[in-house]
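Asks: for reference, the sequence and a predicted model appear below.
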There are 2 protein chains.
Amino acid sequence: MGVSEDYFPDEPKRPDMKTKCPGPATIAKLEELSKVFDTKAAFFVTDFYNSLGNYICDADGNKMLDAYCQISSIALGYNNPELLKATRTREMAVALTNRPALACFPSTDYYEILKDGLLSVAPEGLDRVCTAHTGSDANEMAFKAAFLYQATKKRAGKPFTEEDKTSVMNNQTPGASDMVILSFTEGFHGRLFGSLSATHSKPIHKLDIPAFQWPVAPFPTLKYPLEGFEKENRAEEERCLKDLESILTTFPHQIAAAIIEPVQSEGGDNHASPFFFQGVRSLTKKYGVLLIVDEVQCGGGGSGKMWLHQHYGISPDIMTFSKKMQNAGFFYHDPLLAGDRPYRQFNTWCGDPSKALIAKAIIHEIKDKHLLNEVNKTAAYLYAKMENVRQKHLKLMLNLRGKDRGFFVAFDLPTVELRDKFLYTCRQKGVNMGGCGDKGVRLRPTLVFQPKHVDILVKTIDEAFDQLD
Amino acid sequence: MGVSEDYFPDEPKRPDMKTKCPGPATIAKLEELSKVFDTKAAFFVTDFYNSLGNYICDADGNKMLDAYCQISSIALGYNNPELLKATRTREMAVALTNRPALACFPSTDYYEILKDGLLSVAPEGLDRVCTAHTGSDANEMAFKAAFLYQATKKRAGKPFTEEDKTSVMNNQTPGASDMVILSFTEGFHGRLFGSLSATHSKPIHKLDIPAFQWPVAPFPTLKYPLEGFEKENRAEEERCLKDLESILTTFPHQIAAAIIEPVQSEGGDNHASPFFFQGVRSLTKKYGVLLIVDEVQCGGGGSGKMWLHQHYGISPDIMTFSKKMQNAGFFYHDPLLAGDRPYRQFNTWCGDPSKALIAKAIIHEIKDKHLLNEVNKTAAYLYAKMENVRQKHLKLMLNLRGKDRGFFVAFDLPTVELRDKFLYTCRQKGVNMGGCGDKGVRLRPTLVFQPKHVDILVKTIDEAFDQLD
């Protein structure tokens, strides 16, 4: 495929809005659904049967260009024919009908599915995979891997004591660990109890939920465009690294691992430079702390590399994934990260072969159609056009960011109200986008978002700003 | 279907062992797989293509009668034709290809899928569902629901304070909660950080992992057969209820919810009587504590009722499910359990329509073929035959239990070594079973386990005991 060819020949040529969004059919369907399922966060009801490629169709038949893609989790467009084909194989029918307990009864074909799929895109040096179920779950399994690894090293072959075994049954040390996971301000790593303790994006994500007292290091607050504030940004990153080192040396409990997103997504599409990430890697190494890179939202090719951290020249100990892979888990190298004996890192399913098959099909298509190249080319076109819009709307479109990071492009509006109005306005014009942080708008299109889609997206953004002015 | 008819006409007539289990093909495949995936807990590699009905096929072509069923999670037998059919529909292809972010962009057909599937078997009074991803995840979402519910009630309409919002970003009270979840000794509720804090099955599940300091009440240690020790067992249950009430009245932090399994499975197939469960329900009501019944392993029909707690005449506030439903989540009634505003109980996927379609197909088949009736009839036959074996092996087969609880039949051996040897011996004879607790053996066959399978199972158990003697 070249950028000028159509990836989805039958896709709509442009958005087609028949009603407001949400329209009457969405409203009726939400009323019905809300009687049995929580719908308070719903934007609109989606007709997935009539969605195609980069166009999402709602219950009213409105067809919108989608630059949000189920919160960054549709890699190849709606009803992608290669994925539809993968769902209709014997392998898929057998995987869905007979979901295995993979740790106890692994399937004859799981090695091939992993090897030919997920492992073929593992970051260099990470040659094993632990499959999980969601991004939060992947992160929590990574935390557990880190705790088990550090405790096993510390124990140095000595057996568990009777006190370990008795105390742990009451959640007390020494059997229960007092080790911790370090995370960064504004980071988002999920919403289960461990992952939520490492999440610091917005109060509403955390209020009224118990949390572990784990340390938080500052994530740099950079000025955009990065190239305009190199000196200030470097100073800010140095300050953050200094703070990180101070926590690493003074925190009263052992830090098992640090977790970081390569671009903080939910927290506001906050970027940092390779210098900062290299600093984090080198400090964690220096103090014997494992580094977990959370690629749940950033991974899967949208950045123009398979994993966003590959832009930074760093090698984590563990890298978690989910969303665009339609499968979750983590990559690692050291076998000790799977625990030193059975049943320590364990659960009934330990993944899902049906999801591993989908991941394999997505990965094959990314490779076959050279989609990372396409992303890079289209993204350069996108960023240049966005910069033009910014020049036109300097007071409304703030902090444009994500240059050279593929489609990970974002900007802010002056207030949360204006941001929400902007997103609503764009939706009425047939473009679906998502917010992040307090005032941010994040672009998360598919990997098959082409220049013709960019033209519509950018024109709509421009017009929406005109309307807000 | 009647018990005398064949549900799977093409199923093997009996086990067929060509090699030891694990045999050479399993060993070779595990060696290969272990280079990329943790296999330390593997029993054998499974050929799901050649498994059928109640017979599981391993990589060596050994065909074993399966009374473990992927740790209690295969409801209708391997390669069930009704499920294979469900995997080949357009609905399934679209659900797998376009996995939605269900809270933000629910699909046009999700209401129908839920209504016609999961909700049609919701326990009386629980008319809403929150879909999740695994049993652990379902339990943690239930915990969060309870925390949000109690905090919202306590706040009584007052807005969050600035202190709430600032403190919670550092995981501190008052924004973070100091409320707790009460659980029971020997209970198992999963292995994520919150669910593991409520789990007290075995030290190896918990060692070296941080945990919340949540209260634990005693689960009764009954003597079996229950009908032989009515007085002692009643006294033990009264003692446990008294201890529970004492914790409920004295624990220094508010108890948001109590979680309990209707039969403690992983912890050793520990039963309690309806009297005990009614007592727990009445005490939790009295002290304003929500009751979560964890049906992750017990639910889905194996007990002869759709949910095992329905044997006890109690109504929980929340009931979680997973495993046999091939879908996870919880049922509830009070809308406040979904949070008082959006994004409090939230995650990207909030379930999976492809799994909801499988659950629907399973539920339809349970109803169409009256499988609960079949389970009850076959289970009565099973229990009577097991009782005969017990009479023959009084020193080896201890604490036979599960009368009138469908297939939830279990027994102990005198030591963990004998139990493990017993399971190994049975596997060589072509019957796959699983352990639980320290010395327990739990039966977890499919819902289409018929008297002819019982005959083979019981004969094998009998012979294995003969061999151990």
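Replies: Great, that's in hand. Numbering: from 1, shown residues only, chains lettered A, B, ... in the order given.
Asks: make it CA atoms for all contacts and neighbour counts henceforth
Replies: Will do.
Asks: quick one: the strands in the stretch 201-350 of chain A, in order.
Replies: Ranges of strands in the stretch 201-350 of chain A, per DSSP state E, counting those that start in this stretch, are A:216-217, A:255-260, A:290-294, A:318-321, A:328-332.
Asks: which of these is buried the deepest?
Replies: The highest average neighbour count among the strands of the stretch 201-350 of chain A, using mean count of other Cα atoms under 10 Å in any protein chain shown, belongs to strand A:318-321 at a mean of 28.
Asks: that one vs chain B: in contact?
Replies: No. Contact of strand A:318-321 with chain B (Cα under 8 Å from any Cα of the partner chain) is absent, the minimum separation being 13.4 Å.
Asks: quick one on the thing from earlier: mean pLDDT added to the strands of the stretch 201-350 of chain A, as JSON lines?
Replies: Converted to JSON lines, these look like this (pLDDT from 0 to 100):
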{"stretch": "strand A:216-217", "mean pLDDT": "98"}
{"stretch": "strand A:255-260", "mean pLDDT": "98"}
{"stretch": "strand A:290-294", "mean pLDDT": "98"}
{"stretch": "strand A:318-321", "mean pLDDT": "98"}
{"stretch": "strand A:328-332", "mean pLDDT": "98"}
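Asks: quick one, which of those gets closest to residue B:92.
Replies: Residue B:92 lies closest to strand A:328-332 among the strands of the stretch 201-350 of chain A, at 20.0 Å (Cα to Cα).
Asks: now do the helix or strand just after that closest one, average pLDDT.
Replies: Moving toward the C-terminus from strand A:328-332, the next helix or strand (DSSP states H and E) is helix A:353-368. What helix A:353-368 shows for mean pLDDT is 98.
Asks: pLDDT averaged over the helix or strand following helix A:353-368 - what is it?
Replies: Sequence order places helix A:371-392 as the next helix or strand after helix A:353-368, per DSSP H and E. Helix A:371-392 shows a mean pLDDT of 98.
Asks: cool, stretch A:223-237 as well?
Replies: Stretch A:223-237 shows a mean pLDDT of 96.
Asks: tell me which residues of it come out buried.
Replies: Buried residues in stretch A:223-237, counting neighbours by 16 or more other Cα atoms under 10 Å in any protein chain shown, are found at A:223-224, A:226, A:233-234, A:236-237.
Asks: figure out which of the strands of the stretch 201-350 of chain A is closest to residue B:81.
Replies: strand A:328-332 (28.6 Å).
Asks: run me through the strand neighbours of the closest one, direction for each.
Replies: strand A:128-132 (antiparallel), strand A:318-321 (antiparallel) (DSSP bridges).
Asks: residues touching the first one, excluding its own?
Replies: Where contact means Cα atoms under 8 Å, 6 or more residues apart in numbering or on different chains, the residues beyond strand A:128-132 that reach it are A:119, A:138, A:141, A:327-333, A:338, A:350-352, B:35-38.
Asks: can you check stretch A:220-227 too?
Replies: Stretch A:220-227 is touched from outside by A:229, A:232-233, A:236-237, A:240, A:270-272, A:399-401, with contacts defined as Cα under 8 Å, 6+ apart.
Asks: got a list of contacts for stretch A:357-366?
Replies: Stretch A:357-366 has contacts (Cα under 8 Å, 6+ apart) with A:75-76, A:82-83, A:86-87, A:92, A:113-114, A:116-118, A:121, A:325-327, A:371-372, B:96-97.
Asks: try 7 Å
Replies: Here stretch A:357-366 makes contact (Cα atoms under 7 Å, 6 or more residues apart in numbering or on different chains) with A:83, A:86, A:113, A:116-118, A:325-327, A:372.
Asks: buried ones in it?
Replies: Within stretch A:357-366, the residues that qualify as buried are A:357-364, A:366, counting by 16+ other Cα under 10 Å.
Asks: state the phi and psi torsions of the most centrally placed residue in chain A.
Replies: Nearest residue to the geometric centre of chain A (Cα atoms, centre = their mean): residue A:297, 0.9 Å. Backbone torsions of residue A:297, given as degrees, to the nearest 10, read phi -90, psi -30.
Asks: quick check, it in contact with residue A:325.
Replies: No. Counting by Cα atoms under 7 Å, residue A:297 sits too far from residue A:325 to count as a contact (9.9 Å).
Asks: before we move on, the earlier item: figure out which of the strands paired with strand A:328-332 is closest to residue A:425.
Replies: In terms of Cα to Cα, the element of those nearest to residue A:425 is strand A:318-321, at 32.5 Å.
Asks: pull the CA atoms of that closest one into CSV?
Replies: Extracted C-alpha coordinates of strand A:318-321, given in CSV (Å, rounded to 0.1, in the frame of the first residue of the first chain):
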residue,chain,number,x,y,z
ILE,A,318,9.2,-5.4,31.4
MET,A,319,6.9,-3.8,28.8
THR,A,320,3.2,-4.1,29.1
PHE,A,321,0.7,-4.0,26.2
